[in-house]
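Visitor: based on what follows, work out the 3D shape:
(2 chains)
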Amino acid sequence: MRTSVLRQAGLCRAAFAARHIQISSKSSAALLSQITRVAAVQSLPSASPPRFYSAEATAQTDNAGSDGLITRFADLASLGVHENVVRAITRGMGYENMTEVQSMTISPALKGKDIVAQAKTGTGKTLGFLVPVVQKIIAQEPELAYAPNRFGGKRARSDDIRAIIISPTRELAEQIGEEARKLVRGTGLIVQTAVGGTQKREMLYRTRQQGCHILVGTPGRLNDLLSDSGSGIDAPRLSTLVLDEADRMLEVGFDEELRQILQFLPDRKVLPRQTLLYSATIPKDVVGLARTYIDKNNFEFVQTVKADEVLTHDRIPQYIVPVKGFENIYPALLELVLKGIKESQTNPDALPFKAIVFLPTTAEVIVANQIFRRLKYNFRDIPRTWDIHSKLTQNARTRSANDFKDARTGILFSSDVTARGMDFPNVSHVIQCHTPPNREQYIHRLGRTGRANKPGQGWLIIPDIELQVARNKLPGLPIKRNDELQCATVDAADTGAAKHPHFEHIADAVSKLPHEAFKECYQSYLGGALQGVDRQKLVYALNDLSKFGWGLDQPPAVKPGIAAHLGRVQGLRVESREDRHRMGGPGHRRDLPGRGRRQSDDPFDNVLDRAQSLDRRPSRREQASF
DNA sequence: AAAAAAG
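Guide: Here you go, the predicted structure:
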């Protein structure tokens, strides 16, 4: 039985220390300067100062701020929200109090304003945009507030879609669709989802059959359906467009696809529509892009985060574990997992152990899951594990996501496909291995824990060669160094020393992997997953991993094209014809261990000690905390 | 060769 995470009672009692920037604002806050300046010029001549809502200001007026802001869902009726919708929230979904972002966005959105909203992870942004989406459709066609019955009611069409919600991943689109269906239960509104990896024909059949008012989807499939004039899917009277994870949707790659989708939607100048942009992170450069999507004369930028406030939750401790080499990562991860399990068993206040482990490439996600499945034979306490990434079939992805949502305990090994928006209830640990691609992605990944005021903890496992890059990418976050994991500092190359037993357990699990897995892992790291890390150091680190972590005699050979693109790096083995033949041949067995032996004439030669740091010092005012 | 997203 899936329970929605957002147990919202109490959320809105948290201090209302939010900034509420009106279009008339002359705020000079750096983040907003661009957007607010334009708005200020074009709108009210008598600019009023930005309004700040503080805990003091709202303490006495529980239900309404000075702006008539309401904080209880039951009071939405006073803003004209239909009782069937209110009932779906208060009875069906079981929510009573609004979160800050809901309170501050729903009423202006109900008035028809475009919204750019930034609020921390796990604070209910989805419901925040769904309520105005639903109510607007009902306002246009009041009979849609009621489910059709034999006495009447309008039959929904597939070519009269009123709202489109776009998400960066398929699972997030499905999740939003589920929440939307809960919200419209009891009304006549129909929600459909359109994502890749699913049977397009089935979706089209269902949609033509049932109709659609609210379409939730990912860019590729939406584009596919809308560009196909024979699909029967159309939105000539579109009233609302929502970009969830807006900053991500405006990034290169998605932006072009978005532009195409917009081509198939009614021209805003002919048919004005409402646009809602929501995210936990809205970097400065994205604010400029957002401008092209919103009505400059009628919008609000709502931030429930103060100007200099950190975007992560104070109650979620964040730790970094610097580890010596790549080969230390799995032993350290195992140590951390066992420690977390023990904590959940001994500390009655701790959540059951439910972790997401983020890894930088799909190849590594697969390997990690294989390794931990094997480790379960030796460590009975390790819970069930899943993996999820784009190379799985959509069915497998959906199964992993749903199983992990429903699980009390478990470990989900994941690529960045689940980094944003996914609502896995009661995640106790978010563990990020290697340096995340950027600061925003770190914040979103961490946001998979600590949702709806729940506890949780965040961990980073970072090899020494990435440490400076990690500092550059993660300034201004309260990340504390943690030196408690014994496996972190073990020198896997030191044959003399007795290693921590976890190294042997990992070696056993690794020995069951096919050689192809190592090759794919090795190559995947060379493709820019660790942007900013010195290529030469990376190759040496991977060669150490091959030898001391995977027990290989020589590093996997890479395709000639990769070597050519990397240019002048030492220690790279390039694939020869024989290699390809051997690899494809039947019964190939890789040579086992030989761990710890170092031969001076092979490409493993570790010259790391001599390598000079090529990393530049950060020029930012803000420094990393570790 | 690197998350993701259309087949």
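
Visitor: hmm, who's touching stretch A:259-277?
Guide: By C-beta atoms under 8 Å, 6 or more residues apart in numbering, the surrounding residues in contact with stretch A:259-277 are A:105, A:109, A:112-117, A:129, A:132-133, A:136, A:164, A:166, A:219, A:222-223, A:226-227, A:235-243, A:246, A:290, A:293-295. C-beta coordinates here come from the backbone N, C-alpha and C atoms, glycine included.

Visitor: so which bits of the stretch 51-200 of chain A are right by DNA strand B?
Guide: Residues of the stretch 51-200 of chain A lying near DNA strand B by C-beta under 7 Å from any atom of the strand: A:Pro168, A:Thr169, A:Arg170, A:Glu171, A:Val195, A:Gly196, A:Gly197, A:Thr198, A:Lys200.

Visitor: if we can go back for a sec, just the contacts of stretch A:259-277: which are in strands?
Guide: Applying DSSP state E to the contacts of stretch A:259-277, the entries found in strands are A:Asp114, A:Ile115, A:Val116, A:Ala117, A:Ile164, A:Ile166, A:Thr240, A:Leu241, A:Val242, A:Leu243.

Visitor: beta partners for the first one?
Guide: Under the criterion DSSP bridges, A:Asp114 forms beta bridges with A:Phe299.

Visitor: residues contacting it?
Guide: With contact taken as C-beta under 8 Å, 6+ apart, A:Asp114 is in contact with A:Gln274, A:Thr275, A:Leu276, A:Leu277, A:Ile294, A:Asp295, A:Asn298, A:Phe299, A:Glu300.

Visitor: tell me if whatever helix or strand the third one lives in is near DNA strand B.
Guide: I take that to be A:Leu276. When elements are assigned from DSSP states H and E, A:Leu276 belongs to strand A:274-279. No - for a cut-off given as C-beta under 7 Å from any atom of the strand, strand A:274-279 has no contacts with DNA strand B; the smallest distance is 12.1 Å.

Visitor: could you give me the buried positions within that strand?
Guide: Buried residues in strand A:274-279, counted by 16 or more other C-beta atoms under 10 Å: A:Gln274, A:Thr275, A:Leu276, A:Leu277, A:Tyr278, A:Ser279.

Visitor: now these in CSV, with distance to A:Tyr330 and pLDDT?
Guide: Formatted as CSV, the buried residues of strand A:274-279 follow (distance: C-beta to C-beta, whole Å; pLDDT from 0 to 100):
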residue, distance to A:Tyr330, pLDDT
A:Gln274, 49, 98
A:Thr275, 45, 98
A:Leu276, 42, 98
A:Leu277, 40, 98
A:Tyr278, 37, 98
A:Ser279, 33, 98
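
Visitor: just flag the most distant two among these.
Guide: Within those, two members stand farthest from each other by C-beta to C-beta: A:Gln274 and A:Ser279, at 17.3 Å.

Visitor: farthest pair in the contacts of A:Asp114?
Guide: Farthest apart among the contacts of A:Asp114 by C-beta to C-beta are A:Leu277 and A:Asn298. That separation is 14.0 Å.

Visitor: tell me how far the spatially closest residue to A:Thr449 that is not a sequence neighbour lies from A:Thr418.
Guide: Leaving aside its chain neighbours, A:Thr449 sits nearest to A:Gly456 (3.0 Å; criterion: C-beta to C-beta, 6 or more residues apart in numbering). Applying C-beta to C-beta, to the nearest Å, the value for A:Gly456 to A:Thr418 is 15 Å.

Visitor: looking at chain A, which helix is longest?
Guide: Secondary structure of chain A per DSSP state H: the longest helix is helix A:329-346.

Visitor: output the contacting helices and strands for that one.
Guide: Helices and strands touching helix A:329-346, by 3 or more C-beta pairs under 8 Å, 6 or more residues apart in numbering; DSSP states H and E, are strand A:318-323, strand A:354-358, helix A:362-375, strand A:429-433, strand A:457-463, helix A:501-510.

Visitor: kindly reformat the ones you listed as TSV containing mean pLDDT.
Guide: Shown next, in TSV, are the helices and strands packed on helix A:329-346 (pLDDT from 0 to 100):
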stretch	mean pLDDT
strand A:318-323	98
strand A:354-358	98
helix A:362-375	98
strand A:429-433	98
strand A:457-463	98
helix A:501-510	98
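
Visitor: make CSV from the ones you listed and add distance to A:Ala470 to it.
Guide: Below are these laid out as CSV (distance: least, C-beta to C-beta, whole Å):
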stretch, distance to A:Ala470
strand A:318-323, 7
strand A:354-358, 14
helix A:362-375, 17
strand A:429-433, 10
strand A:457-463, 5
helix A:501-510, 23
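
Visitor: quick one: the helices in the stretch 401-550 of chain A, in order.
Guide: Using DSSP state H, counting those that start in this stretch, the helices of the stretch 401-550 of chain A run over A:439-446, A:467-473, A:501-510, A:515-525, A:535-544.

Visitor: near DNA strand B, anything from the first one?
Guide: Yes - Helix A:439-446 reaches DNA strand B (C-beta under 7 Å from any atom of the strand) through A:Gln441.

Visitor: residues near the residue of chain A found nearest DNA strand B, how many?
Guide: At 1.9 Å from DNA strand B, A:Gly220 is the closest residue in chain A, using C-beta to the nearest atom of the strand. By other C-beta atoms under 10 Å, the residues close to A:Gly220 number 16.

Visitor: how about A:Asp423?
Guide: Neighbours of A:Asp423 under the rule other C-beta under 10 Å: 22.

Visitor: distance-wise, check the residue nearest to the spatial centre of chain A relative to A:Glu335.
Guide: For chain A, A:Arg420 is the residue whose C-alpha lies nearest the centre (C-alpha atoms, centre = their mean; 1.7 Å). Applying C-beta to C-beta, the value for A:Arg420 to A:Glu335 is 29 Å.
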